[in-house]
Structure formats: structure tokens, C-alpha cells
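> Only the shape, not the letters, is given here:
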């Protein structure tokens, strides 16, 4: 990996972590596990269109792991990990289908996939389908949060890669 | 907008509307049976996939008790036939913020302690 690329990835990971930690201070929007804005995803969506799959994977794994360290909430790690990986896999596939100008759409689906991953782990951990009734509301919140982070990512893109704003 | 993007957007909108309708139905509060009707209103406390307690809310006396689970605890309160988790030592306190158990389908969940309170079928 070129040094410049490595530096850029590290900078973005650091930025994502800062956003993540700031967001921890926000009060809960709804008292439902998994409902949050997920602002750090702004960086992930952007990175999906900027870097290779391997590079984004490195970035996301670093952010999620360090995020658990800094928030000292290790019981949530398995949920974030499952969500983040499913979200990333989906968005890496979607970037072939969705042009960069519609990145917000990719972000919405990514957010819903994130919630899907979390939900799957919750069902496995609780060994009960009863928690699955939260899934519809997680989809709704995922769509809204994903649209918001996607639009933010679109704005960043215009600044950082003006030639690609299309 | 290319057709492919339009198609994906259409799917997203359908899923969104469907999920919104489903959550509206699922989160509706349950009708509470009359106290003198002789009916029962059982709830189940489930820990780690197993029912550890079954309580009839209509006849239950007001009380506060703790459920220990894997190094942590949740404080459950029953008051006037309504159950809620009022305190816990978990990091997120989501179960406490959920408040009273109202919907027939939506349980109170404590993910860190694998604890769940729901209406029995």
C-alpha cells in the first residue's frame, strides 16, 4: 500500500472514530437497540466509492474495534461488527450498480443491511424470534439515517472529488 | 436517473412503506382486560432463551425484584398491573428507557443480559 493511500485511510478512520465518539454523547432518539444516526457511516459510504474493497474493510474493522475500545461497550461489539460487515459487503456490490451520483441510495441500503446484521445477531444471541418485531422499525430508522448520512457523504464527495460529482 | 437506479429506488420505497406500516401495527398498545373479568394476562420473563418466570399481571401484587444474570442485574417493577424494567447495571439502559410493557408483540429487551419480558401467547 502506498504511503499516501495509507495516510489517507488513517485520516478517514480517525475522522470516523471522532464522529462515532461525538455521536455517543447524543441522547437516544428512540429507546430501541440499534436505532441511531450512525454518522460514522458518512465516512464508510464515501470510502466505498473512493477505495478498494480491501482498503475499506481494513478501515471499517479498525473503526469498529477501536470504537468498542473507546466506548468501553464490548457487549455491543458483536452487533456492530455483524452490522458493519453486512453493510460493507452490500455497498461494495452496489457500487457497481449505483453510480456515484446516487451514492445516497447506496447509503440507505447499506444502513438497512447494517440493521439486518444486528438483528440477525440479536436473534441468535437471545435465542428467540421475539426480538425480530423490532426489525420493521429498524428498517424505517435505517432508511432515514441512511438517507441523511448518504446526503452528507455526497456533500463531502463534491468537495474532495469535484470531478466526480456527476 | 438511469433505469437501474430507478428500479432500486422503487424497491427501497416499497420496503420503507411496508416496514412503516408493519411497525405501526406491531407497536400498537394491547387492550388491557378488565380486572374483574376473571381473565388472565400472563407475561413471561425469558432469560437466555428459557422462560424463568410467568406472572399474571391482573392478579400480581405490586412489587420490585431483581433478576441476576451473568454478572449483571435488572430491576423489574410491577405496579398496578403494569410491568417495566426500572433499573439495570448494563451499559446502555435501553431496557429501562423502553418503559412499560404495552404492545402484545414488542417485548422489553435487555441485549447485554439476554433478558426479555413479553406477553405470553
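Yep, that arrived. This one's a predicted model, so the numbers in the text were calculated from it and none came from an experiment. Numbers count the residues shown, from 1 in each chain, chains lettered A, B, ... in the order given.

> only C-alpha atoms for contact and neighbour calcs from this point on.
Noted.

> From the centroid of the chain, which residue is nearest?
No chain in the question, so chain A it is. Chain A has residue A:41 as the residue nearest its centroid, 3.5 Å off, counting by CA atoms, centre = their mean.

> my question was about chain B
Central residue of chain B (CA atoms, centre = their mean): residue B:107, at 1.7 Å.

> what residues are up against it?
Taking CA atoms under 8 Å, 6 or more residues apart in numbering or on different chains as the criterion, residue B:107 is in contact with A:130, A:131, B:101, B:116, B:117, B:118, B:119.

> Local confidence estimate at it?
What the model reports as pLDDT for residue B:107 is 90.

> residues touching the residue in chain B that chain A sits nearest to, list them.
At 4.5 Å from chain A, residue B:19 is the closest residue in chain B, using CA to the nearest CA. Shown in contact with residue B:19 (CA under 8 Å, 6+ apart): A:136, A:137, A:139, A:140.

> before we move on, back to that, among the contacts of residue B:107, which are in strands?
Members of the contacts of residue B:107 lying in strands (criterion: DSSP state E): B:116, B:117, B:118, B:119.

> interface residues of chain A facing chain B?
A:31-33, A:73, A:75-76, A:97-98, A:102, A:105, A:109, A:122, A:125-128, A:130-131, A:133-134, A:136-137, A:139-140, A:143 (CA under 8 Å from any CA of the partner chain).

> now with 7 Å?
A:31-33, A:73, A:75, A:98, A:126-128, A:130-131, A:133, A:136-137, A:139-140, A:143 (CA under 7 Å from any CA of the partner chain).

> Can you get me a residue count around residue B:53?
11 (other CA atoms under 10 Å in any protein chain shown).

> nope, residue A:36 is what I meant
Counted with other CA under 10 Å, residue A:36 comes out at 20.

> now residue B:87
16.

> That one falls within a strand, correct?
Yes. The assignment for residue B:87 is a strand, going by DSSP: H, G, I helix; E, B strand; the rest coil.

> Surely it is in contact with residue B:98?
No. The pair residue B:87 / residue B:98 is not scored as a contact, 11.3 Å apart, by CA atoms under 7 Å.

> Following the chain onward from the longest helix anywhere in chain B, which element is next?
The longest helix of chain B (DSSP state H) is helix B:3-26. As assigned by DSSP states H and E, the chain's next helix or strand after helix B:3-26 is strand B:42-47.

> helices and strands around that next one, which ones?
Applying 3 or more CA pairs under 7 Å, 6 or more residues apart in numbering or on different chains; DSSP states H and E, one finds that strand B:42-47 contacts strand B:50-56, strand B:115-119.

> Appreciated, that's everything.
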